[in-house]
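Visitor: here you go, sequence then predicted model.
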Amino acid sequence: MKIDSITIENPFVLAPLAGYTDLPFRLLCKEYGAGLVYSEMISCHGLSYRQQKTIDMIQSVPEERPIAIQLFGSEPDVMGDAAAFLSDMPIDFIDINMGCPVRKVTKKGAGSALMKTPDLAADIIRQVRENGKKPVTIKIRSGWTHKSINAPTFAKMAEDNGADAITIHGRTWSDGFSGKADWRVIASVKNAVSIPVIGNGDITSYRDGRKMMEETGCDGVMIGRAAMGQPWIFRPDNPEPDLNFRLIALKRHLDLIAANCNTDWGLAGIKNHAGKYFKGVHHGAAIRNQIYKSHSFIELQEIIHTLLPPSS
């Protein structure tokens, strides 16, 4: 898959996930084959006001490239200013969130609410493109409700205003994360535009992703929730994730956290990440219980080290 002048070697990409797709997890997914990784959703206001906490969230290293930083907001000038801040950073794409269904985002006119205001969305795309000086991608849903499926026309509008690629999640805002994603909308978006289209929704394995590409004609596949606790989902060889395989993956994840983050804070989030590696696994509940009871990052590392076989 090629977006603008950048070739994505593996069309399976990591979705932006608030609270999860931080630098260590992006690096881990990259090591397992993800062709492109997306940052967490970043507030345009946080960047515009130069808030250090927000700036810390866009920390990046060369090993994870290509990378897209995802912005959210509903004010074109502020989005443009945030994009300008990103313009000199060593990143590859600026993504605009036009699909988040969470109320605290949509009530401010951002996320999937922008699908109800295509003229405003067009202005935002233009401002980000002009000020960011990076290829621009957008992430949308199929529409606001099932009575207002407008993804194909919205996608064409985005292309006409400078978007270089589009990710389409086959659910409406009203669906949230329930029900089944409608892949037919992904095919309709692909037929409506000439720029790359990345499909999203109900991908739980590499095989699912290949099926989506075959059925819809999309150029790439975005994987979000299914990557949590199984970053190997990006590998085409479909490895058998037995207990040792999962422990080794988690050990690497923790090593990346130790190398790139301040482990004195965020332990609850780290344990949340770690627990997902053992969902549905024999003896997994006991391991998760140990993880959740750990009082420090070092203790968590020691738990995983003890569970690993000596040669690992």
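Guide: Happy to help now that I have it.

Visitor: can you pull out the strands in the stretch 1-150 of the chain?
Guide: Applying DSSP state E, counting those that start in this stretch to the stretch 1-150 of the chain gives strands spanning 2-3, 6-7, 12-14, 36-43, 67-72, 93-98, 136-143.

Visitor: I'd like those strands written out as a markdown table, with distance to Lys271 added.
Guide: For every residue, glycine as well, the C-beta is placed using N, CA and C. Converted to a markdown table, the strands of the stretch 1-150 of the chain look like this (distance: least, CB to CB, whole Å):
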| stretch | distance to Lys271 |
| --- | --- |
| strand 2-3 | 35 |
| strand 6-7 | 35 |
| strand 12-14 | 21 |
| strand 36-43 | 18 |
| strand 67-72 | 25 |
| strand 93-98 | 27 |
| strand 136-143 | 28 |
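
Visitor: what's the closest of these to Leu267?
Guide: Nearest to Leu267 among those is strand 36-43; the distance by CB to CB comes to 18.0 Å.

Visitor: so what does the closest one touch, helix or strand wise?
Guide: When contacts are defined as 3 or more CB pairs under 8 Å, 6 or more residues apart in numbering; DSSP states H and E, strand 36-43 packs onto strand 12-14, helix 23-31, helix 52-57, strand 67-72, strand 93-98.

Visitor: the last one pairs with which strands, parallel or anti?
Guide: Going back to what we said before, that points to strand 93-98. Here strand 93-98 has these sheet partners by DSSP bridges: strand 67-72 (parallel), strand 136-143 (parallel).

Visitor: just want the angle from the last one to strand 36-43.
Guide: Here strand 136-143 runs at an angle of 80 degrees relative to strand 36-43 (axes from the mean of the first three to the mean of the last three CA atoms, to 10 degrees).

Visitor: could I get the strands of the stretch 1-150 of the chain as CSV with mean pLDDT, distance to Asp219 and mean neighbour count?
Guide: Listed next are the strands of the stretch 1-150 of the chain as CSV, based on pLDDT from 0 to 100; distance: least, CB to CB, whole Å; neighbours: other CB atoms under 10 Å:
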stretch, mean pLDDT, distance to Asp219, mean neighbour count
strand 2-3, 98, 9, 16
strand 6-7, 97, 12, 12
strand 12-14, 98, 10, 27
strand 36-43, 97, 11, 24
strand 67-72, 98, 15, 26
strand 93-98, 98, 14, 26
strand 136-143, 98, 12, 27
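
Visitor: domains for the protein, by residue range?
Guide: As assigned by automatic domain parsing, the chain contains the domains 2-234, 243-307.

Visitor: out of the strands of the stretch 1-150 of the chain, nearest to Gly176?
Guide: For Gly176, the closest of the strands of the stretch 1-150 of the chain is strand 136-143, at 10.1 Å, according to CB to CB.

Visitor: which one, of the strands of the stretch 1-150 of the chain, ends up nearest to Cys29?
Guide: Proximity to Cys29, assessed across these by CB to CB, is greatest for strand 12-14 (4.6 Å).

Visitor: how far away from the center of its chain is the closest one?
Guide: Offset of strand 12-14 from its chain centre (CA atoms, centre = their mean, to the nearest Å): 8 Å.

Visitor: strands paired with that strand, and their directions?
Guide: strand 36-43 (parallel), strand 220-223 (parallel).

Visitor: now do the contacts for Glu214.
Guide: Counting by CB atoms under 8 Å, 6 or more residues apart in numbering, Glu214 touches no other residue.

Visitor: can you tell me how far it sits from Ala226?
Guide: Glu214 is 18 Å from Ala226, where distance means CB to CB, to the nearest Å.

Visitor: with Gly220 instead?
Guide: Distance of Gly220 to Ala226, given as CB to CB: 15 Å.

Visitor: of those two, who's got more company?
Guide: Remark: of Gly220 and Ala226, Gly220 carries more neighbours, 23 against 15, as counted by other CB atoms under 10 Å.

Visitor: tell me the contacts of the more buried one?
Guide: The neighbours of Gly220, taking CB under 8 Å, 6+ apart as the test, are Met1, Ile8, Pro11, Phe12, Val13, Gly35, Leu36, Pro196, Val197, Ile198, Gly199, Met213.

Visitor: out of the residues you listed, who's nearest Pro241?
Guide: The closest of the contacts of Gly220 to Pro241 turns out to be Phe12 (CB to CB; 16.5 Å).

Visitor: ok, what's across the strand from that closest one?
Guide: Per DSSP bridges, the residues bridged to Phe12 are Val221.

Visitor: hmm, it is touching Arg210, no?
Guide: No: using CB atoms under 8 Å, Phe12 is not in contact with Arg210; the gap is 9.2 Å.

Visitor: nearest to Glu40, out of the strands paired with strand 93-98?
Guide: strand 67-72 (7.3 Å).

Visitor: quick revisit: most tightly packed of the domains of the chain?
Guide: domain 2-234 (a mean of 20; mean count of other CB atoms under 10 Å).

Visitor: hang on, the earlier thing: so which of the contacts of Gly220 is the closest to Pro118?
Guide: Nearest to Pro118 among the contacts of Gly220 is Val197, at 17.8 Å by CB to CB.
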